[in-house]
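Got a predicted structure plus its sequence, pasted below:
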Amino acid sequence: MPRPLARIRLTGHGMPCPYRGHKLDKLIIKGGNKLSGNVTVSGSKNAALPIFVATILAPGVHEISNVPFLADINTTIKLLESLGAHVEGNGNVVKIDTSGIATHEATYDLVKTMRASVLVLGPLLSRFGIARVSLPGGCAIGARPIDQHLKGLKALGAEIHLAHGYVEAKAKQLKGARINFDVATVGGTEHLMMTAATAKGETVLENAAREPEIVDLAAMLTLMGAKIEGAGTDTIRIMGVTELGPVSYRVMPDRIEAGTFMIASAITGGDIKIHGMQLEHLDALTFKLQDAGADVTNKDGVVRVKGPRRIRSVNIKTRPYPGFPTDIQAQFMALMCVADGASVITENIFENRFMHVSELMRFGADITVDGKSATVKGIKKLSGAPVMATDLRASASLIIAGLAADNVSELSRIYHLDRGYETIERKLAALGADIQRVKA
Ligand code: EPU
């Protein structure tokens, strides 16, 4: 008999115990310390979210380990509970019992706080033949439509109807189909892969996204009994099975968190060792960091990043995986703010992902934005300032700038940060950064 688990305690602010954040908390950073020592990467937020959703497909008790304590994870738990699942947690292990799911509707309240909630549409449709999920609406970094998700579900035979801000989908039996995505979409690929797992016959996803989080989800689905080939390439074949079963699954490490620490070490001229990460997921960043003068080595799975005395300027263009990740663009821009020379940073994935620019300029950074590109002219030293987080990765970029700035910086609106970085200020403090959370 498995040991009963302590119930996850939700604090009113979406943080599971033991890590609790508050909307009005601030971070105070005194820059100038070189980072040194060891840090361990948490489980991946963007892998955990679809993995939690996939549990809907198989009634029973799933055990998901290496789950990061994050606000977005709590939102996903609330979403699953609102559908009728029973969720319990013990440390970073979460048990999800999906036998009691009886509702096929995800409301606006939950979907508006986290766009990934829309991924429940297909799995609910597969399980109940009907689903009603709120449309997510716009978002701070871009319009982020879900047309590719809906196009795919229609191809699988779903009748889709949009009314009153909701998507209603119906299908007696989903049927495999060939789906060619207009854009390589991470969420769309995950959504269709999950939904096709129990459709009748073969589904082929063409121009699929290739992110490691998709490979992680495919591994979990395969363990559940799905037949999937090609995850991690642009063509994924799914042979539908009649039934999937509950599983125990360990979430992959967070490559974006790992990349954020790599850049933090580089900007402070630090020397850190990162444990538990998979460097092969971060080739594009590693090459750029090496071009910028950092020393990156991998020994027995421990990645050491040594910052140079002066950072060299490097151009980057964000691209779908294996290109340079959009989720690390803001952090890399902070690094380029103190590089020797000018760099051009081009954002190709989202149309509005330069909101950190005006905040970085409060540190004295010299940045000019022209459409999709930002030209960053490196300066010798940033100067500490009060700044405001505008989205998750922008928050990380402002912390990185604060670590390299003189004097004290104060970062407010860090609830964005709590959505995606597990105890980042504690991890950075353990590496020698002078950073603390001031409770509201
Ligand atoms: N797009 C469409 N139509 C669609 C779907 C996407 O036009 O139906 C467009 C988007 O507007 C965007 C591009 O395609 O311009 C790529 O979007 P994608 O669907 O790949 O993004 P996502 O699945 O919504 C995930 C991550 C994001 C990350 C992107 C890109 C999760 C939960 N989110 O979003 O993570 O930036 O892939 O890699 O996995 C973050 O963690 O900070 C974050 C925003």
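Perfect, thanks for sending it. Numbering: from 1, shown residues only.

Can you give me the buried ones in stretch 344-363?
For stretch 344-363, the neighbour count (16 or more other CB atoms under 10 Å) marks 345, 347-350, 353-357, 359-360, 362-363 as buried. Backbone N, C-alpha and C define where each C-beta goes, glycine included.

quick one, helices of the stretch 201-350 of the chain?
Counting by DSSP state H, counting those that start in this stretch, one finds helices in the stretch 201-350 of the chain at the ranges 212-224, 255-267, 283-291, 329-336.

nope, the stretch 51-200 of the chain is what I meant
71-83, 108-113, 121-128, 147-155, 186-196.

residues in contact with the closest residue to Y249 other than its chain neighbours?
Excluding the flanking residues, the one nearest Y249 by CB to CB, 6 or more residues apart in numbering is M220, at 4.6 Å. Neighbour list for M220: I51, A54, V247, Y249 [criterion: CB atoms under 8 Å, 6 or more residues apart in numbering].

which among these gets closest to P68?
I51 (11.8 Å; CB to CB).

measure the closest residue to the closest one other than its chain neighbours to the ligand for me?
Nearest residue to I51 in three dimensions, chain neighbours excluded: M220, at 5.3 Å (CB to CB, 6+ apart). According to CB to the nearest ligand atom, to the nearest Å, M220 and the ligand sit 15 Å apart.

and M220, what pLDDT?
Looking at M220, its pLDDT reads 98.

now swap in the one 5 residues further on and tell me
The score at G225 is 98. That number is its pLDDT.

How about M262?
For M262, the pLDDT comes out at 98.

Ignoring the adjacent residues along the chain, who's closest to it?
Nearest residue to M262 in three dimensions, chain neighbours excluded: V305, at 4.8 Å (CB to CB, 6+ apart).

tell me the contacts of the residue of the stretch 151-300 of the chain found nearest the ligand?
Distance from the ligand to each residue of the stretch 151-300 of the chain (CB to the nearest ligand atom) is smallest for G187, at 2.8 Å. Neighbouring residues of G187 by CB under 8 Å, 6+ apart: P50, R115, A116, V118, L119, I146, H149.

got a list of what L398 touches?
Residues near L398 by CB under 8 Å, 6+ apart: A334, H356, E359, L360, V387, A389, S409, L411.

element containing it?
Under the criterion of DSSP states H and E, L398 resides in helix 392-404.

Quickly check: that helix near the ligand or not.
Yes - judged by CB under 6 Å from any ligand atom, helix 392-404 comes into contact with the ligand through L392, R393.

So for that helix, mean pLDDT?
The pLDDT scores in helix 392-404 average 97.

Next secondary structure element downstream of that helix?
Using DSSP H and E, the next helix or strand after helix 392-404 towards the C-terminus is strand 408-412.

Going by neighbour count, which residues of that next one are buried?
S409, L411, S412.

and it, how far from the chain's centre?
Distance of strand 408-412 from the chain centroid (CA atoms, centre = their mean, to the nearest Å) equals 24 Å.

For M252, which residues are in contact?
Applying CB under 8 Å, 6+ apart, we find M252 in contact with G43, S44, A47, N66, P212, E213, D216, Q278.

let's see 10 Å
M252 makes contact with 41, 43-44, 46-48, 51, 66, 212-213, 215-217, 219-220, 276-278, 281, according to CB atoms under 10 Å, 6 or more residues apart in numbering.

What of E243?
E243 is in contact with L57, A58, P59, T198, M224, G225, counting by CB under 10 Å, 6+ apart.

Show me the shaky parts of this protein.
For the chain, the stretches with pLDDT under 70 are 1-21, 138.

Kindly report the residues of the stretch 301-440 of the chain close to the ligand.
Taking CB under 6 Å from any ligand atom as the contact definition, the stretch 301-440 of the chain meets the ligand at T326, D327, I349, F350, L392, R393, G420.
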